[in-house]
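# predicted model and sequence follow; I will ask about them next.
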Amino acid sequence: MRDGRTPMSSDPFARPRAADGRAPDVFKRGGWVPMRQFSDDEAVDFVIVGTGAGGGPLLAGLAEGGFSVVGFDAGPYFRPLEDFASDEVEQEKLYWTDERVVDGTNPITMGGKNSGKAVGGSTVHFAMVSLRFRPEWFKSRSILGYGADWPLDWREMWDYYTRAEQALSISGPVSYPWGPKRPRYPYRAHELNGAAQLLARGAEALGIKWTPTPLATVSAPHGRSPPCVYRGFCRFGCSTNAKQSQLVTFIPRALRAGAEVRDLAMVGRIEMGPDGRVSGVHYQREGSWHFQKARNVVVAGYAIETPRLLLASATDRYPDGLANSSGLVGRYLMTQSNQAVFGVMQQEVRWNKGPPSLAITEHWNYDDHKDFAGGYCWMAQGPLPVEWVTVQTSARGLWGQALRDEMEKYNHQVGLKMVGEMLPDERNRVTLADEKDRYGLRVARVTYGWGDNDKSLIQHALGQMQLSLEAVGATDIFRQEDDTNHLAGTARMGDGPATSVVSADCRSWDIPNLWICDGSIFPTTGGVNPSLTITSIAMRTADRIRALAARGEL
Amino acid sequence: MTDRYPAYDVLAKRWTESWNEVTRKVIDRRLAVAREPRFFAASEWRTLGALCDRILPQPKDRPPVPLPAYVDQKIADGRLDGYRYAEIPPQGEAWRRGLAALEAASQEAHGSSFHALSGEQQDGLLQRMQHGDLTGEAWGDMPSKLFFEHRVIPDITHAYYAHPTAWNEIGFGGPASPRGYVRMGLDRRDPWEPVEATSGKEEPRARRKNSHVI
């Protein structure tokens, strides 16, 4: 389309788009959908802080259950068709790039791989990998001897996984090679790109199984989503709406059911009433602070912002922050090991085409003949140039002409990257630093160190991935030894108030109308990407809240 | 070796279905970056220019990607990374202190400004910075190794590989919305992807094909 024919949208950061009784229709350029709105003085049934993989399904589930509900997000309400460029640097606008301080023996790199700041949260730019936990991980302490047990039953979760896969129109294989039987995926698997073909060849040479990765991008039209066109910019936002992010799935559903979304609205403090219940949230929007009254508050800001908000809401009666009588808010932060092995092929791989992780092996998640706890999977890779130079400089220390020479091999590169389980350790945590951000709120300090088991698991994975690359004839092989991605923990769920922050229903033990529903409730993190589990738990939580309300137990 | 992807110009695809409107705007803005500093003082600007030339040396037969301008722009616009090592001050302050400390190290080692040193001397100082061997009062409590890894390298190299000139060099297809790609497997190339010259003999063919890559 030539200049002038495409109406350009306004600046999504300039002022809220969800206003005046309408919200953006993400499927139509310049389009709008009607949106119900609530006044600050009207105590809504639920305020949800965060609209990502946890907040999105809950927003839809509660609105569809007849509750009045407002979803707050600190980020803008993007229109993918108009706002999303095919560009790595421009699309950093999807990330949480506000200042955070990192320390510890293995400080975590924050940004695109573990945060989002947009309506839809990080699902707007996630790699769409949609995997189920291994059933035993829900009882890893009792069955596998490490970590902690979840208060959830895997068989119930198996049903919610099926529902989440349907809701997100997951494209995947007819039969999945590992774990208990599951229904076939709603959409057919995507075609493999060169990088995925090489993962498959390598796995077959090692004698282990592989499969096309179940992905949340449609392989055929679905509703108003067109099939994926294999741009390969998935982690920088999908400009065609093939990706089944929260922004194009649960959030439109929520609006249709009568929910309100408040974009560019940063919640800074939860207010406690004199009766020991929360009474609403203080939020900043358009430069000033407001107070929304609520009967219930759900915190769904992920493993950094969730504990930050709970800690920042401390009062004289709750000097250590809300929901924190156990002292565990902010503790047991987990990331996942995300090391990789790369090499050069004689063939042209052109690994940037298509979703980055089109093939996977979960072999080492299901094999227990290992001398360390936990599991991992690995997937094919397709980093774009800026990501790729980050690997070359950080893993190999390259700069100067040597760096330029290596970068020119771009179209021949191949790689395998793990998603590995790191064990919960209470010393890994989120606290509040003294410095303040642009909202005037204390920033998060993120402290992290790897344990001996984490290091053993990583070395095992690097060895296996290297064997796989050697088996396909890759040369110039090197390892990226230091990388992490997804987050979990900091408000773990459990069986009682002494050892956990929330119950199986994501309800805080301390304050009956304060809930937490995102990846921060994970007691362990497993060896797969967490988003499908977060979404499944959010769908379950919506059902539980509806059941509790029906019994008068809210 | 000459160009790996001779005559490939990703900007030739600007009006094709591989570039949507917002992408055109973003790249236009990037190419039009102001060449004068908004954040850095003149002396810092000289040191930064010399530093960029060593981190990413550029061929003399084309206009250089103005790397110092992108570093300056990032700081002046307040574009943050989302995290900061506890030992490193905020990015503008880190850059000011790091460049001053590099200049001080240069004076101490060679009695001359960093920008006036030979390439070899400059690389020697940068290697010492990379390994954390530059120390002294000018660094404060910021380790030179962390400054190198978390400011110098990402701020300069990200700017370079976000530039169409770099995409031409490495044969990256560039923006791809909404057209995307069709030929997915090994050794498959869509007509709108560049052709590699694998040998001198292949060069004319690659050059001819690349002049039609749109």
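Now that the structure is in, tell me what you want to look at.
# which helix or strand contains residue B:54?
helix B:42-55 (DSSP states H and E).
# so what secondary structure elements neighbour that helix?
helix B:67-77, helix B:91-110, helix B:119-130, helix B:153-161 (3 or more C-beta pairs under 8 Å, 6 or more residues apart in numbering or on different chains; DSSP states H and E). Where you see a C-beta, it was placed from the backbone N, CA and C, and this is true even at glycine.
# avg pLDDT for it?
Averaging pLDDT along helix B:42-55 yields 98.
# got a list of contacts for it?
Contacts with helix B:42-55, where a contact means C-beta atoms under 8 Å, 6 or more residues apart in numbering or on different chains, come from A:399-400, A:403, B:37, B:40, B:67-68, B:71-72, B:95-96, B:99-100, B:102-103, B:113-115, B:117, B:119, B:122-123, B:126, B:152-153, B:156-157.
# now stretch B:95-107
B:39-40, B:43-44, B:47-48, B:51, B:71, B:75, B:89, B:112-114, B:117, B:121, B:125, B:128-129, B:134, B:136, B:138-140, B:142, B:144, B:147, B:151-152, B:155.
# please spell out which residues along it are buried.
B:95-99, B:101-106 (16 or more other C-beta atoms under 10 Å in any protein chain shown).
# strands along the stretch 451-554 of chain A, start to end?
A:475-480, A:484-488, A:514-516 (DSSP state E, counting those that start in this stretch).
# out of those strands, which comes closest to chain B?
Of all these, it is strand A:484-488 that lies closest to chain B, at 11.9 Å by C-beta to the nearest C-beta.
# which residues does the closest one contact?
Contacts of strand A:484-488 (C-beta under 8 Å, 6+ apart): A:106, A:108-109, A:113-114, A:302-304, A:333-338, A:419, A:422, A:519-520, A:522, A:524-525, A:529-530.
# repeat that for 6 Å
A:108, A:113-114, A:303, A:334-336, A:338, A:519, A:522, A:525, A:530 (C-beta atoms under 6 Å, 6 or more residues apart in numbering or on different chains).
# likewise stretch B:155-163?
By C-beta under 6 Å, 6+ apart, stretch B:155-163 touches A:89, A:385-386, A:389, A:393, B:52, B:55-56, B:65, B:67, B:70-71, B:166.
# what's the neighbour count on the residue lying closest to residue B:126 once chain neighbours are set aside?
Distances taken as C-beta to C-beta, 6 or more residues apart in numbering or on different chains put residue B:54 closest to residue B:126, at 5.9 Å, once the chain neighbours are dropped. For residue B:54, the neighbour count with other C-beta atoms under 10 Å in any protein chain shown is 20.
# sorry, back to before: reformat the strands of the stretch 451-554 of chain A as JSON lines; add mean pLDDT and mean neighbour count.
Putting the strands of the stretch 451-554 of chain A into JSON lines (pLDDT from 0 to 100; neighbours: other C-beta atoms under 10 Å in any protein chain shown) gives the following:
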{"stretch": "strand A:475-480", "mean pLDDT": "98", "mean neighbour count": "16"}
{"stretch": "strand A:484-488", "mean pLDDT": "96", "mean neighbour count": "25"}
{"stretch": "strand A:514-516", "mean pLDDT": "98", "mean neighbour count": "26"}
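# neighbours around the closest residue to residue A:509 other than its chain neighbours, how many?
Excluding the flanking residues, the one nearest residue A:509 by C-beta to C-beta, 6+ apart is residue A:497, at 3.6 Å. By other C-beta under 10 Å, the residues close to residue A:497 number 16.
# for the stretch 451-554 of chain A, what are the low-confidence residue spans?
The model of the stretch 451-554 of chain A has no residue with pLDDT under 70.
# residue A:378 belongs to a strand?
Yes: counting by DSSP: H, G, I helix; E, B strand; the rest coil, residue A:378 is part of a strand.
# and the residue of the stretch 151-300 of chain A found nearest chain B, which helix or strand is it part of?
Among all residues of the stretch 151-300 of chain A, residue A:229 sits closest to chain B, at 3.1 Å; criterion: C-beta to the nearest C-beta. For residue A:229, there is no enclosing helix or strand under DSSP H and E.
# show me the contacts for it.
residue B:180.
# can you check residue A:65 too?
residue A:546.
# ok, it to chain B distance?
35 Å (C-beta to the nearest C-beta, to the nearest Å).
# the strand or helix carrying residue A:294: which residues count as buried?
Counting by DSSP H and E, the element that carries residue A:294 is strand A:288-299. Of the residues in strand A:288-299, A:292-299 count as buried by neighbour count, 16+ other C-beta under 10 Å.
# domain-wise, how is chain B divided?
Listed by automatic domain parsing, the domain ranges of chain B are B:1-18+B:173-214, B:29-166.
# distance between the first one and the chain's centre?
Per C-alpha atoms, centre = their mean, to the nearest Å, the displacement of domain B:1-18+B:173-214 from the mean C-alpha position of its chain is 22 Å.
# any bit of that domain sitting next to chain A?
Yes: counting by C-beta under 6 Å from any C-beta of the partner chain, chain A has neighbours in domain B:1-18+B:173-214: B:4, B:175-178, B:180-181, B:184-187.
# strands along the stretch 251-400 of chain A, start to end?
Using DSSP E, counting those that start in this stretch, strands in the stretch 251-400 of chain A cover A:260-262, A:266-272, A:278-285, A:288-299, A:334-337, A:340-344, A:359-361, A:376-380.
# rewinding a little: next, the angle helix B:153-161 makes with the helix holding residue B:54.
Interaxial angle, helix B:42-55 versus helix B:153-161 (axes from the mean of the first three to the mean of the last three C-alpha atoms, to 10 degrees): 70 degrees.
# buried stuff in helix B:42-55?
B:44-55.
# now do the same end-to-end measure for stretch B:196-203.
From its first residue to its last, stretch B:196-203 covers 8 Å (C-alpha to C-alpha, to the nearest Å).
# buried residues in that stretch?
Quick answer for stretch B:196-203 (16+ other C-beta under 10 Å): B:196-197, B:203.
# nearest to chain A among the residues you listed?
residue B:196 (6.6 Å).
# got the strands of the stretch 451-554 of chain A as JSON lines, with distance to residue A:288 columns?
Output for the strands of the stretch 451-554 of chain A, formatted as JSON lines (distance: least, C-beta to C-beta, whole Å):
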{"stretch": "strand A:475-480", "distance to residue A:288": "45"}
{"stretch": "strand A:484-488", "distance to residue A:288": "31"}
{"stretch": "strand A:514-516", "distance to residue A:288": "25"}
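# so for residue A:217, which of those strands sits nearest?
In terms of C-beta to C-beta, the element of the strands of the stretch 451-554 of chain A nearest to residue A:217 is strand A:484-488, at 18.4 Å.
# got the contact list for residue 171?
In the absence of a named chain, this looks at chain A. Contacts of residue A:171 (C-beta under 6 Å, 6+ apart): A:187, A:189-190, A:215, A:219.
# my question was about chain B
Residue B:171 neighbours (C-beta under 6 Å, 6+ apart): A:411, B:5, B:194, B:196.
# tell me the contacts of the nearest residue to residue A:253 once chain neighbours are set aside?
Sequence neighbours aside, residue A:60 is the residue nearest to residue A:253 in space, at 4.3 Å (criterion: C-beta to C-beta, 6+ apart). For residue A:60, the contacting residues are A:250, A:253-254, by C-beta under 6 Å, 6+ apart.
# filter these down to the buried ones, ChimeraX style.
The following ChimeraX line selects those of the contacts of residue A:60 that are buried, judged by 16+ other C-beta under 10 Å:
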select /A:250,253,254
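# around chain B, pick out the residues from the stretch 401-550 of chain A.
Residues of the stretch 401-550 of chain A lying near chain B (C-beta under 6 Å from any C-beta): A:401, A:407-408, A:410-411.
# considering these, which possesses the most neighbours?
residue A:410 leads these on contacts (other C-beta under 10 Å) with 26 neighbours.
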